[in-house]
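Visitor: pasting the structure only:
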Ligand SMILES: Nc1nc(=O)c2c([nH]1)NC[C@@H]1CN(c3ccc(C(=O)N[C@@H](CCC(=O)O)C(=O)O)cc3)CN21
Ligand SMILES: CC(C)C(=O)C(=O)O
Ligand SMILES: [Mg+2]
């Protein structure tokens, strides 16, 4: 049956074009196995960001996970950092992405200020995100300091994706977006952060902007998948901001590989349209309503 109603946040705009079930949190956990003194994943996990229904539709068949990242602050709203991003933004874009996906596990970033004050504040915010979007999990930044919150949420039915290393919501405290874990003391701190959130029940962890040796150490140490961004091939999976890898966002960090130049291609298409309008070569009779002959 391809009939549907649009009466809830989670109903789909279109039926699934791809067979197979949606990735679940338990299935994801099962991807990593104990092997002697380390943990291993057979095949790397594929993750990208999505902020809109249409992008979710295009990415979903190829991805294990989709993240509605608070990077939408910079990428969609032109804000200077992720700090000003609101719950309203995350809920609206989260619901759109869930409507455009069938296969991937959708996680939504908790925005700065919505979870740090207490486990109770985090639960209220995370429950709202899950109710309003239909997502499978929430993601929050922080290590040891957030571990009690991670436990509080997971014990109450909210799967938590953790995020350690370079945590962009702390840009004002970190003083920039430089790679983390360069000193031994900082590397030890980040390893402790990853262990703490894994012990507290997080089902996966983003490692952002860390040295390869540290990413390898964490990936071997924790029983949950590590998803890297600027964190080397040693991770159990990779994530990039979709607009970065498609060449749609002007300023990109060193860890981005550009797989296309969509900004260039959009510029060419729009320049052609502008030229055709100005020379009256668009629209032609094909695009014009006229009485039938
Ligand atoms: N479009 C986009 N892509 C991202 O990867 C991203 C966002 N936005 N917004 C949220 C955070 C912020 N991130 C960032 C932002 C900037 C750098 C950056 O400029 N890195 C420089 C080094 C900076 C330094 O050493 O101080 C680089 O060249 O890698 C890195 C990560 C990652 N996230
Ligand atoms: C870069 C990823 C991990 C993220 O948190 C985001 O897109 O907001
Ligand atoms: Mg984020």
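Guide: All right, it came through fine. Predicted, not measured: the structure shown is a model, and the values here were computed from it. Numbering: from 1, shown residues only. Ligands and ions are numbered 1, 2, ... in the order given.
Visitor: what residues does the stretch 1-150 of the chain have near ligand 3?
Guide: 69, 70, 109 (Cβ under 5 Å from the ion). For the C-beta atoms, the positions are set from N, CA and C on the backbone; glycine is no exception.
Visitor: for the last one, which residues make a bridge with it?
Guide: Residue 109 has the following beta-bridge partners by DSSP bridges: residue 139.
Visitor: my guess is it meets residue 139, correct?
Guide: Yes - with contact defined as Cβ atoms under 8 Å, residue 109 reaches residue 139; the gap is 5.0 Å.
Visitor: if I look at the two, which residues touch both of them?
Guide: residue 67 (Cβ atoms under 8 Å, 6 or more residues apart in numbering).
Visitor: these two: which is more packed in?
Guide: Taking other Cβ atoms under 10 Å, residue 109 and residue 139 do not tie; residue 109 has more neighbours (30 against 24).
Visitor: hey, what's the residue most central in space within the chain bridged with?
Guide: Central residue of the chain (Cα atoms, centre = their mean): residue 67, 2.2 Å from the mean position. On the basis of DSSP bridges, residue 67 is bridged to residue 49, residue 107.
Visitor: just give me the neighbour total for the closest residue to ligand 2 within the stretch 1-150 of the chain.
Guide: Going by Cβ to the nearest ligand atom, ligand 2 is nearest to residue 69 of the stretch 1-150 of the chain, at 2.2 Å. Using other Cβ under 10 Å, residue 69 is surrounded by 28 other residues.
Visitor: what pLDDT does it get?
Guide: Looking at residue 69, its pLDDT stands at 98.
Visitor: for this structure, which segments count as strands?
Guide: For the chain, the strands defined by DSSP state E cover 32-35, 38-41, 45-49, 65-68, 105-109, 137-141, 160-165, 204-208, 226-229, 237-240.
Visitor: mind putting those into a markdown table with distance to ligand 1?
Guide: Putting the strands of the chain into a markdown table (distance: least, Cβ to the nearest ligand atom, whole Å) gives the following:
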| stretch | distance to ligand 1 |
| --- | --- |
| strand 32-35 | 24 |
| strand 38-41 | 22 |
| strand 45-49 | 8 |
| strand 65-68 | 11 |
| strand 105-109 | 9 |
| strand 137-141 | 10 |
| strand 160-165 | 10 |
| strand 204-208 | 7 |
| strand 226-229 | 6 |
| strand 237-240 | 7 |
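Visitor: so where's this protein uncertain?
Guide: 1-15, 17-19 (pLDDT under 70).
Visitor: returning to that earlier point: columns distance to residue 248 on top of the strands of the chain, output as CSV?
Guide: Output for these, formatted as CSV (distance: least, Cβ to Cβ, whole Å):
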stretch, distance to residue 248
strand 32-35, 32
strand 38-41, 30
strand 45-49, 12
strand 65-68, 17
strand 105-109, 19
strand 137-141, 22
strand 160-165, 23
strand 204-208, 20
strand 226-229, 17
strand 237-240, 12
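Visitor: for those strands, which one sits closest to residue 254?
Guide: strand 226-229 (11.4 Å; Cβ to Cβ).
Visitor: show me which residues of that closest one are buried.
Guide: 226, 227, 228, 229 (16 or more other Cβ atoms under 10 Å).
Visitor: before we move on, back to that, wait, the residue nearest to the centre of the chain touches residue 48, no?
Guide: Yes - with contacts counted by Cβ under 8 Å, residue 67 reaches residue 48, the gap being 7.4 Å.
Visitor: which residues are in contact with each of these two?
Guide: residue 239.
Visitor: how about the residues of the stretch 1-150 of the chain that lie near ligand 2?
Guide: Within reach of ligand 2 by Cβ under 6 Å from any ligand atom, the stretch 1-150 of the chain has these residues: 49, 67, 69, 70, 71, 109.
Visitor: I am finished for the moment; much appreciated.
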